[in-house]
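Student: pasting the structure only:
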Ligand SMILES: N=C(N)NCCCC(=O)O
Ligand SMILES: [Zn+2]
Ligand SMILES: [Zn+2]
(Lines give C-alpha, C1' and ligand atoms only; values in the text may rest on other atoms or scores of the structure.)
(Ligands and ions follow the chains in the order given, each with its own letter.)
Protein backbone atom coordinates (compact mmCIF):
# COMPACT_ATOMS: atom_id res chain seq x y z
CA UNK A 1 0.00 0.00 0.00
CA UNK A 2 1.35 3.42 -0.80
CA UNK A 3 1.16 6.04 1.92
CA UNK A 4 -1.75 7.99 0.37
CA UNK A 5 -4.09 5.02 -0.04
CA UNK A 6 -6.61 4.03 2.61
CA UNK A 7 -6.18 0.46 3.79
CA UNK A 8 -8.98 -1.94 3.00
CA UNK A 9 -10.24 -3.20 6.35
CA UNK A 10 -12.32 -6.13 7.54
CA UNK A 11 -15.85 -7.00 6.41
CA UNK A 12 -18.33 -4.90 8.45
CA UNK A 13 -19.83 -7.35 10.94
CA UNK A 14 -22.77 -5.02 11.65
CA UNK A 15 -23.92 -5.55 8.04
CA UNK A 16 -22.69 -9.02 7.11
CA UNK A 17 -23.03 -11.64 9.85
CA UNK A 18 -19.60 -12.45 11.18
CA UNK A 19 -20.19 -16.16 10.74
CA UNK A 20 -20.93 -15.76 6.99
CA UNK A 21 -18.48 -16.43 4.20
CA UNK A 22 -15.05 -18.04 4.07
CA UNK A 23 -12.73 -17.20 6.97
CA UNK A 24 -9.76 -14.90 6.58
CA UNK A 25 -7.86 -13.58 9.59
CA UNK A 26 -10.09 -10.97 11.31
CA UNK A 27 -12.31 -10.95 8.16
CA UNK A 28 -9.62 -8.98 6.37
CA UNK A 29 -9.23 -8.99 2.58
CA UNK A 30 -7.10 -11.61 0.91
CA UNK A 31 -3.70 -10.43 -0.30
CA UNK A 32 -4.71 -11.00 -3.94
CA UNK A 33 -7.64 -8.58 -3.42
CA UNK A 34 -5.38 -5.72 -2.34
CA UNK A 35 -2.17 -6.39 -4.28
CA UNK A 36 0.38 -5.71 -1.57
CA UNK A 37 0.19 -5.53 2.21
CA UNK A 38 2.14 -3.95 5.04
CA UNK A 39 1.42 -6.97 7.21
CA UNK A 40 0.77 -10.34 5.56
CA UNK A 41 -1.01 -12.92 7.69
CA UNK A 42 0.08 -16.30 6.37
CA UNK A 43 -0.81 -19.84 7.40
CA UNK A 44 1.63 -22.74 7.52
CA UNK A 45 -0.39 -25.97 7.77
CA UNK A 46 2.56 -28.19 8.70
CA UNK A 47 2.96 -30.49 11.70
CA UNK A 48 5.39 -33.21 10.62
CA UNK A 49 7.94 -31.99 13.19
CA UNK A 50 5.99 -32.86 16.34
CA UNK A 51 7.20 -35.18 19.12
CA UNK A 52 3.79 -35.97 20.66
CA UNK A 53 0.21 -35.15 19.62
CA UNK A 54 -0.17 -34.19 15.93
CA UNK A 55 -2.77 -31.74 14.61
CA UNK A 56 -1.18 -28.27 14.46
CA UNK A 57 -1.52 -28.44 10.66
CA UNK A 58 -5.12 -27.37 11.30
CA UNK A 59 -4.12 -24.50 13.60
CA UNK A 60 -4.04 -21.66 11.08
CA UNK A 61 -7.58 -22.23 9.89
CA UNK A 62 -8.84 -22.68 13.47
CA UNK A 63 -7.32 -19.29 14.35
CA UNK A 64 -8.90 -17.70 11.27
CA UNK A 65 -12.32 -19.11 12.26
CA UNK A 66 -11.95 -17.88 15.86
CA UNK A 67 -10.80 -14.45 14.63
CA UNK A 68 -14.23 -13.68 13.13
CA UNK A 69 -15.14 -12.01 16.43
CA UNK A 70 -12.21 -9.57 16.54
CA UNK A 71 -13.23 -5.93 16.19
CA UNK A 72 -11.37 -3.15 14.40
CA UNK A 73 -10.40 -0.94 17.38
CA UNK A 74 -7.90 -2.23 19.96
CA UNK A 75 -8.46 -0.20 23.14
CA UNK A 76 -5.54 -1.80 24.99
CA UNK A 77 -3.09 -0.27 22.50
CA UNK A 78 -5.38 2.65 21.53
CA UNK A 79 -5.09 1.77 17.85
CA UNK A 80 -7.14 0.59 14.86
CA UNK A 81 -4.58 -1.80 13.41
CA UNK A 82 -6.37 -2.42 10.11
CA UNK A 83 -6.82 1.32 9.44
CA UNK A 84 -3.21 2.25 10.27
CA UNK A 85 -1.72 -0.19 7.76
CA UNK A 86 -2.88 -2.65 5.12
CA UNK A 87 -3.16 -6.02 6.78
CA UNK A 88 -4.20 -8.87 4.48
CA UNK A 89 -4.55 -12.64 4.58
CA UNK A 90 -1.96 -14.22 2.28
CA UNK A 91 -3.43 -17.74 2.49
CA UNK A 92 -1.35 -20.82 3.24
CA UNK A 93 2.15 -21.98 2.36
CA UNK A 94 1.93 -25.47 0.80
CA UNK A 95 4.60 -27.29 2.81
CA UNK A 96 5.30 -30.98 2.00
CA UNK A 97 4.00 -33.11 4.93
CA UNK A 98 6.17 -36.10 3.90
CA UNK A 99 9.54 -34.34 3.71
CA UNK A 100 10.54 -32.02 6.55
CA UNK A 101 13.69 -30.70 4.84
CA UNK A 102 11.73 -29.79 1.75
CA UNK A 103 8.97 -28.20 3.86
CA UNK A 104 11.56 -26.05 5.67
CA UNK A 105 12.90 -24.87 2.29
CA UNK A 106 9.40 -24.14 1.01
CA UNK A 107 8.53 -22.03 4.06
CA UNK A 108 11.76 -20.06 3.74
CA UNK A 109 11.20 -19.39 0.03
CA UNK A 110 7.58 -18.30 0.58
CA UNK A 111 8.64 -16.03 3.45
CA UNK A 112 11.39 -14.53 1.26
CA UNK A 113 8.80 -13.71 -1.36
CA UNK A 114 6.39 -12.03 1.06
CA UNK A 115 9.11 -10.12 2.92
CA UNK A 116 10.51 -9.08 -0.46
CA UNK A 117 7.30 -7.16 -1.17
CA UNK A 118 7.98 -5.06 1.91
CA UNK A 119 5.45 -6.83 4.15
CA UNK A 120 6.02 -7.92 7.73
CA UNK A 121 4.82 -11.45 8.48
CA UNK A 122 2.22 -12.57 10.99
CA UNK A 123 2.47 -16.34 10.59
CA UNK A 124 -0.15 -18.77 11.89
CA UNK A 125 1.31 -22.24 12.42
CA UNK A 126 1.84 -25.09 12.18
CA UNK A 127 4.22 -26.67 14.64
CA UNK A 128 7.28 -24.86 15.99
CA UNK A 129 9.62 -26.32 13.33
CA UNK A 130 8.52 -23.47 11.05
CA UNK A 131 10.13 -20.78 13.21
CA UNK A 132 13.55 -21.74 11.78
CA UNK A 133 12.85 -21.02 8.10
CA UNK A 134 10.92 -17.88 9.09
CA UNK A 135 13.90 -16.62 11.12
CA UNK A 136 16.27 -17.44 8.26
CA UNK A 137 14.20 -15.32 5.94
CA UNK A 138 13.82 -12.44 8.41
CA UNK A 139 17.59 -12.46 9.09
CA UNK A 140 18.32 -12.19 5.35
CA UNK A 141 16.43 -8.91 5.42
CA UNK A 142 17.36 -7.47 8.83
CA UNK A 143 20.52 -9.30 9.90
CA UNK A 144 20.53 -11.29 13.16
CA UNK A 145 17.35 -10.44 15.09
CA UNK A 146 16.43 -10.23 18.76
CA UNK A 147 14.08 -13.06 19.72
CA UNK A 148 11.31 -13.27 22.26
CA UNK A 149 10.20 -16.86 22.49
CA UNK A 150 6.99 -17.51 24.47
CA UNK A 151 6.78 -21.22 25.20
CA UNK A 152 6.52 -23.82 27.97
CA UNK A 153 9.54 -25.43 26.30
CA UNK A 154 13.07 -24.33 25.50
CA UNK A 155 13.03 -25.67 21.92
CA UNK A 156 16.83 -25.53 21.97
CA UNK A 157 17.28 -29.30 22.07
CA UNK A 158 19.63 -30.89 19.54
CA UNK A 159 17.86 -33.74 17.69
CA UNK A 160 14.98 -36.18 18.03
CA UNK A 161 15.49 -39.64 16.47
CA UNK A 162 18.48 -38.07 14.74
CA UNK A 163 16.28 -35.43 13.07
CA UNK A 164 17.64 -31.89 13.26
CA UNK A 165 14.50 -30.06 12.09
CA UNK A 166 11.73 -30.70 14.64
CA UNK A 167 9.49 -28.59 16.85
CA UNK A 168 11.88 -29.07 19.79
CA UNK A 169 15.00 -27.81 17.99
CA UNK A 170 14.40 -24.64 15.91
CA UNK A 171 16.21 -22.18 18.18
CA UNK A 172 19.38 -24.26 18.59
CA UNK A 173 19.59 -24.45 14.79
CA UNK A 174 18.99 -20.70 14.57
CA UNK A 175 21.81 -19.94 17.03
CA UNK A 176 24.15 -22.33 15.16
CA UNK A 177 23.34 -20.54 11.92
CA UNK A 178 24.11 -17.12 13.39
CA UNK A 179 20.71 -15.67 12.49
CA UNK A 180 19.86 -14.54 16.03
CA UNK A 181 21.30 -11.57 17.92
CA UNK A 182 22.61 -13.52 20.92
CA UNK A 183 22.71 -10.41 23.10
CA UNK A 184 18.88 -10.27 23.12
CA UNK A 185 17.33 -13.73 23.37
CA UNK A 186 14.66 -14.63 25.90
CA UNK A 187 12.35 -17.51 26.59
CA UNK A 188 9.15 -16.48 28.36
CA UNK A 189 6.76 -18.84 30.14
CA UNK A 190 9.23 -21.72 30.48
CA UNK A 191 8.27 -24.55 32.86
CA UNK A 192 7.98 -28.28 33.23
CA UNK A 193 10.32 -31.25 33.30
CA UNK A 194 13.50 -31.33 31.21
CA UNK A 195 15.73 -34.18 30.05
CA UNK A 196 18.48 -33.03 32.44
CA UNK A 197 20.09 -29.97 34.01
CA UNK A 198 22.41 -29.81 31.00
CA UNK A 199 19.45 -28.56 28.92
CA UNK A 200 19.58 -25.33 30.93
CA UNK A 201 23.37 -25.05 30.76
CA UNK A 202 23.34 -25.52 26.97
CA UNK A 203 20.52 -23.02 26.60
CA UNK A 204 22.34 -20.40 28.66
CA UNK A 205 25.51 -20.90 26.61
CA UNK A 206 23.51 -20.15 23.49
CA UNK A 207 22.71 -16.77 25.05
CA UNK A 208 19.14 -17.22 26.21
CA UNK A 209 17.67 -15.60 29.30
CA UNK A 210 14.66 -17.27 30.89
CA UNK A 211 11.52 -15.76 32.39
CA UNK A 212 9.67 -18.74 33.83
CA UNK A 213 5.90 -18.90 34.17
CA UNK A 214 6.43 -18.69 37.95
CA UNK A 215 8.43 -15.45 37.46
CA UNK A 216 5.44 -13.96 35.65
CA UNK A 217 3.12 -15.02 38.47
CA UNK A 218 5.45 -13.56 41.12
CA UNK A 219 6.54 -10.35 39.39
CA UNK A 220 3.55 -9.54 37.22
CA UNK A 221 3.17 -8.82 33.52
CA UNK A 222 4.17 -5.12 33.61
CA UNK A 223 7.50 -5.69 35.32
CA UNK A 224 8.30 -8.61 33.01
CA UNK A 225 7.46 -6.53 29.92
CA UNK A 226 9.65 -3.65 31.19
CA UNK A 227 12.60 -5.99 31.69
CA UNK A 228 12.17 -7.58 28.25
CA UNK A 229 11.83 -4.17 26.57
CA UNK A 230 15.07 -2.99 28.15
CA UNK A 231 16.92 -6.08 26.95
CA UNK A 232 15.59 -5.72 23.40
CA UNK A 233 16.11 -1.96 23.01
CA UNK A 234 15.63 -0.86 19.40
CA UNK A 235 16.97 -4.04 17.80
CA UNK A 236 14.85 -5.65 15.08
CA UNK A 237 12.68 -8.09 17.02
CA UNK A 238 11.02 -11.38 16.09
CA UNK A 239 8.37 -12.77 18.47
CA UNK A 240 7.60 -16.48 18.32
CA UNK A 241 4.61 -17.61 20.37
CA UNK A 242 4.02 -21.28 21.05
CA UNK A 243 0.45 -21.30 22.36
CA UNK A 244 1.52 -23.90 24.95
CA UNK A 245 3.14 -20.99 26.82
CA UNK A 246 -0.40 -20.67 28.21
CA UNK A 247 -1.66 -22.98 30.93
CA UNK A 248 -3.63 -25.93 29.50
CA UNK A 249 -6.71 -24.33 31.11
CA UNK A 250 -6.22 -21.41 28.69
CA UNK A 251 -4.93 -23.48 25.77
CA UNK A 252 -5.98 -27.14 25.89
CA UNK A 253 -5.73 -27.45 22.11
CA UNK A 254 -2.04 -28.05 21.70
CA UNK A 255 0.33 -30.95 21.19
CA UNK A 256 2.66 -30.90 24.22
CA UNK A 257 0.74 -29.31 27.12
CA UNK A 258 2.50 -28.57 30.44
CA UNK A 259 0.78 -27.66 33.74
CA UNK A 260 1.42 -24.38 35.54
CA UNK A 261 1.44 -21.87 32.69
CA UNK A 262 0.53 -18.20 32.40
CA UNK A 263 -2.99 -17.00 31.71
CA UNK A 264 -4.09 -15.54 28.39
CA UNK A 265 -4.52 -12.19 30.21
CA UNK A 266 -0.86 -12.26 31.26
CA UNK A 267 0.32 -13.08 27.73
CA UNK A 268 -1.74 -10.30 26.16
CA UNK A 269 -0.61 -7.79 28.81
CA UNK A 270 3.08 -8.62 28.27
CA UNK A 271 2.64 -8.14 24.52
CA UNK A 272 0.90 -4.79 25.04
CA UNK A 273 3.88 -3.75 27.16
CA UNK A 274 6.11 -4.37 24.13
CA UNK A 275 4.18 -2.08 21.77
CA UNK A 276 7.15 0.28 21.32
CA UNK A 277 9.53 -2.50 20.19
CA UNK A 278 10.65 -2.76 16.56
CA UNK A 279 8.66 -5.91 15.76
CA UNK A 280 9.66 -7.03 12.27
CA UNK A 281 7.67 -10.29 12.11
CA UNK A 282 5.99 -12.82 14.40
CA UNK A 283 4.42 -16.25 14.55
CA UNK A 284 1.78 -18.03 16.64
CA UNK A 285 2.25 -21.80 16.49
CA UNK A 286 1.20 -25.15 17.98
CA UNK A 287 -2.59 -24.64 17.97
CA UNK A 288 -4.02 -28.15 17.53
CA UNK A 289 -7.82 -27.82 17.31
CA UNK A 290 -8.59 -31.53 17.74
CA UNK A 291 -7.79 -31.18 21.47
CA UNK A 292 -9.51 -27.80 21.83
CA UNK A 293 -12.86 -27.15 23.53
CA UNK A 294 -15.23 -24.30 22.64
CA UNK A 295 -12.35 -22.72 20.63
CA UNK A 296 -10.61 -21.72 23.89
CA UNK A 297 -7.16 -22.10 22.35
CA UNK A 298 -8.05 -20.70 18.94
CA UNK A 299 -9.67 -17.62 20.52
CA UNK A 300 -6.57 -17.02 22.67
CA UNK A 301 -4.35 -17.44 19.60
CA UNK A 302 -6.49 -15.06 17.52
CA UNK A 303 -6.25 -12.36 20.20
CA UNK A 304 -2.51 -12.97 20.47
CA UNK A 305 -2.10 -12.47 16.71
CA UNK A 306 -4.31 -9.36 16.96
CA UNK A 307 -2.01 -7.75 19.57
CA UNK A 308 1.07 -8.62 17.49
CA UNK A 309 -0.54 -7.20 14.35
CA UNK A 310 -1.45 -4.04 16.25
CA UNK A 311 2.18 -3.54 17.33
CA UNK A 312 3.35 -3.88 13.71
CA UNK A 313 0.62 -1.62 12.27
CA UNK A 314 1.31 1.12 14.80
CA UNK A 315 4.99 1.10 13.95
CA UNK A 316 4.34 1.16 10.22
CA UNK A 317 2.02 4.16 10.67
CA UNK A 318 4.53 5.94 12.93
CA UNK A 319 7.38 5.39 10.46
CA UNK A 320 5.21 6.79 7.65
CA UNK A 321 4.31 9.87 9.67
CA UNK A 322 8.01 10.77 10.17
N1 LIG B 1 7.69 -26.95 20.69
C2 LIG B 1 6.88 -27.68 21.38
N3 LIG B 1 5.61 -27.38 21.45
N4 LIG B 1 7.24 -28.77 22.05
C5 LIG B 1 8.59 -29.26 22.12
C6 LIG B 1 8.56 -30.49 22.98
C7 LIG B 1 9.69 -31.37 22.67
C8 LIG B 1 9.70 -32.69 23.46
O9 LIG B 1 8.86 -33.53 23.17
O10 LIG B 1 10.53 -32.82 24.33
ZN1 LIG C 1 6.04 -25.61 23.52
ZN1 LIG D 1 7.65 -24.59 20.96
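Tutor: That came in fine, so what should we check first? Note that this is a predicted model, so its numbers are computed, not measured. Ligands and ions are numbered 1, 2, ... in the order given.
Student: Could you list every helix and strand that the strand or helix carrying residue 271 packs against?
Tutor: Per DSSP states H and E: residue 271 is located in helix 264-272. In terms of contacts (3 or more CB pairs under 8 Å, 6 or more residues apart in numbering; DSSP states H and E), helix 264-272 is packed against helix 221-232, helix 296-321. Heads up, the C-betas are built off the backbone N, CA and C, glycines and all.
Student: Helices along the stretch 51-200 of the chain, start to end?
Tutor: Assigned by DSSP state H, counting those that start in this stretch, the helices in the stretch 51-200 of the chain fall at 59-66, 81-84, 100-116, 131-142, 170-176, 198-205.
Student: and the ones you listed as a markdown table, adding mean neighbour count?
Tutor: Converted to a markdown table, those look like this (neighbours: other CB atoms under 10 Å):
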| stretch | mean neighbour count |
| --- | --- |
| helix 59-66 | 25 |
| helix 81-84 | 23 |
| helix 100-116 | 18 |
| helix 131-142 | 23 |
| helix 170-176 | 22 |
| helix 198-205 | 14 |
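Student: nearest to residue 125, of those helices?
Tutor: Closest approach to residue 125 among those (CB to CB): helix 59-66, 5.6 Å.
Student: Spatially nearest residue to residue 119, not counting backbone neighbours?
Tutor: residue 40 (4.1 Å; CB to CB, 6 or more residues apart in numbering).
Student: you'd agree that neighbour is in a strand?
Tutor: Yes. Residue 40: assigned to a strand according to DSSP: H, G, I helix; E, B strand; the rest coil.
Student: Count the neighbours of it for me.
Tutor: Residues lying near residue 40 (other CB atoms under 10 Å) number 26.
Student: so what's it scoring on pLDDT?
Tutor: Listed pLDDT for residue 40 reads 99.
Student: Pull the contacting residues for it.
Tutor: Residue 40 makes contact with 31, 88, 89, 90, 114, 117, 119, 120, 121, 122 under the criterion CB atoms under 8 Å, 6 or more residues apart in numbering.
Student: The longest strand seen in the chain close to ligand 2?
Tutor: For the chain, the longest strand by residue count, based on DSSP state E, is strand 180-190. No. Using CB under 5 Å from the ion, strand 180-190 stays clear of ligand 2, with a minimum separation of 8.7 Å.
Student: hang on, the earlier thing: buried set for the helix holding residue 271?
Tutor: Across helix 264-272, burial judged by 16 or more other CB atoms under 10 Å covers 264, 266, 267, 268, 269, 270, 271, 272.
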